[in-house]
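S.K.: Model the structure of this input:
(one chain, ligands or ions: 1)
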Amino acid sequence: MLPIPLHHVWEYTDVDRAFWQRHLEDWVPKRIFDVHTHVNEPRFRLVERTEEMRRQYWVNELSEPIGAADAQRCYETVFPGREFSCLAFGHPSLDYDIEASNASLRVECARRGWSHLIVSRPDWPAERLEEELKASGALGVKPYYSLIPGQDPSTRDKYLEASIFQFLPHQQLEVLDQRAACIVLHVPKADRLGHPENIAEVKQIRRQYPRARLIIAHLGRCYTLPHAEEALPQLADEDGLYFDNSAVLNPEVHRLALRTLGPSRILYGTDNPIFYMRGRRQWKGKTYINRTSYPFYFNKDREPPEVEAEYTLYMYEALRALRSACESLSLGSGEIEAIFHGNAERLLGLQE
Ligand SMILES: [Zn+2]
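M.R.: Numbering: from 1, shown residues only. Predicted structure coming up:
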């Protein structure tokens, strides 16, 4: 069959169809809830990407916003025959009209039976957050350190070493606690979740704001086993703290997370549209390399053509890794259903 365009430069090909049939069709539950997906109408971009910006920073070349209609079409393609819903939020970047993007998600998600979060600005006082949450019908917030005012356009990492409270301030946490709202938290710092300040601050949020429904994104950005080993055991006893497993391709990390946290605290997520990328990830100690077949400017270190020809979508590689972890721990179908939708529906209060 002809390839189907997915998003940006990515397509859905016979390699992907075969991969789904071989590794996923008999395992992925009939119902899927993606708790981490970015949906943002491209018209809300304020700063047009120039060729120069694309070449400056590799993420600029990869990240193109996806509107709701396209997101829906892509999900129908990559999850054939599945009942699908998600928790969507915009692009947490000052390059977008955040307020307009938040407002559009209210309409677009309601239309599709999806849920959404608003991207929150760190400088909003409590009343403003309260108003935004009420007006948008959102379940909570997606804060991010690159929304701290005073960014440097050449990097999204100027505030990488920030404290969580610099972009998720106490006055906002009070509101979120009162409303029992949801937070999808991308933790800061090059050392990832295991940095002592992150661990201490996450524990503090749990203690001080226990009603807020806190979901740590990307298993705390633990994409390698040593990072996961450092971080996850320290939060094993924090019942009521949840994690999404989006963007994690390493089966060993999935396995450790399932063993340490248990399958009832892990929620399936994709981090799409970025994970429509084709390729594979390789790990070495605490570092990894993203292999991909598209001739991006940043993509200098390519694998042989016959290897690239076998690349599938990153989100499929993530699913295969999750499957292998679940199988190595002999998880039952009830536990797998919980990861794919039950935990999210319970935590977000979406059960019928
Ligand atoms: Zn994300």
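S.K.: Contacts only, for the residue most central in space within the chain.
M.R.: The residue lying closest to the centre of the chain (Cα atoms, centre = their mean) is Asp271, at 3.4 Å. Going by Cβ atoms under 8 Å, 6 or more residues apart in numbering, Asp271 touches His36, Thr37, His38, His218, Ser246, Ala247. Every residue, glycine included, has its C-beta placed from N, CA and C.
S.K.: Just the pLDDT for it.
M.R.: Per-residue pLDDT puts Asp271 at 97.
S.K.: same check, this time on Arg73
M.R.: At Arg73, pLDDT is 98.
S.K.: So what's the residue count around Phe296?
M.R.: When counting by other Cβ atoms under 10 Å, one arrives at 15 neighbours for Phe296.
S.K.: Return the residues in contact with the nearest residue to it once chain neighbours are set aside.
M.R.: Leaving aside its chain neighbours, Phe296 sits nearest to Glu61 (5.0 Å; criterion: Cβ to Cβ, 6 or more residues apart in numbering). Residues in contact with Glu61 (Cβ under 8 Å, 6+ apart) are Arg54, Arg55, Phe296, Tyr297, Phe298.
S.K.: what helix or strand is Glu61 on?
M.R.: Secondary structure assignment for Glu61, by DSSP states H and E: helix 58-62.
S.K.: If you count neighbours, what's buried in that helix?
M.R.: Buried residues in helix 58-62, counted by 16 or more other Cβ atoms under 10 Å: Asn60, Glu61, Leu62.
S.K.: cool, and stretch 207-226?
M.R.: Buried-residue list, stretch 207-226, by 16+ other Cβ under 10 Å: 209, 212-225.
S.K.: In helices only, show me those.
M.R.: His218, Leu219, Gly220, Arg221, Leu225 (DSSP state H).
S.K.: Determine the number of other residues adjacent to the spatially closest residue to the third one that is not a sequence neighbour.
M.R.: Once its chain neighbours are removed from consideration, Gly220 has its nearest residue in Leu193; the separation is 2.6 Å (Cβ to Cβ, 6+ apart). Applying other Cβ under 10 Å, we find 26 residues neighbouring Leu193.
S.K.: where does the stretch 101-250 of the chain dip in pLDDT?
M.R.: 153, 156 (pLDDT under 70).
S.K.: Phe44 is in contact with Ala100, correct?
M.R.: Yes - if you go by Cβ atoms under 8 Å, Ala100 and Phe44 touch, sitting 5.0 Å apart.
S.K.: list the buried ones in the helix or strand in which Phe33 is found?
M.R.: For Phe33, the host element (DSSP H and E) is strand 31-38. Of the residues in strand 31-38, Ile32, Phe33, Asp34, Val35, His36, Thr37, His38 count as buried by neighbour count, 16+ other Cβ under 10 Å.
S.K.: and if you look at stretch 68-86?
M.R.: For stretch 68-86, by 16+ other Cβ under 10 Å, it's 68, 70-75, 77-79, 84-86.
S.K.: Okay, and which of the residues you listed map to helices?
M.R.: Counting by DSSP H, the buried residues of stretch 68-86 contribute Ala68, Asp70, Ala71, Gln72, Arg73, Cys74, Tyr75, Thr77, Val78 to helices.
S.K.: Could I get the phi/psi values of the nearest residue to the second one once chain neighbours are set aside?
M.R.: If I follow you right, that is Asp70. Spatial nearest neighbour of Asp70, excluding adjacent residues (Cβ to Cβ, 6+ apart): His7 at 6.3 Å. Torsion angles at His7 (phi, psi; degrees, to the nearest 10) stand at phi -130, psi 150.
S.K.: For Leu313, name its beta-bridge partners.
M.R.: When bridges are called by DSSP bridges, Leu313 pairs up with Arg278.
S.K.: and the closest residue to Tyr144 other than its chain neighbours, what does it touch?
M.R.: Leaving aside its chain neighbours, Tyr144 sits nearest to Pro92 (3.4 Å; criterion: Cβ to Cβ, 6+ apart). Counting by Cβ under 8 Å, 6+ apart, Pro92 touches Val119, Lys142, Pro143, Tyr144, Ser146, Leu147, His186.
S.K.: Distance check, Pro92 against Val141.
M.R.: Per Cβ to Cβ, to the nearest Å, Pro92 is found 10 Å from Val141.
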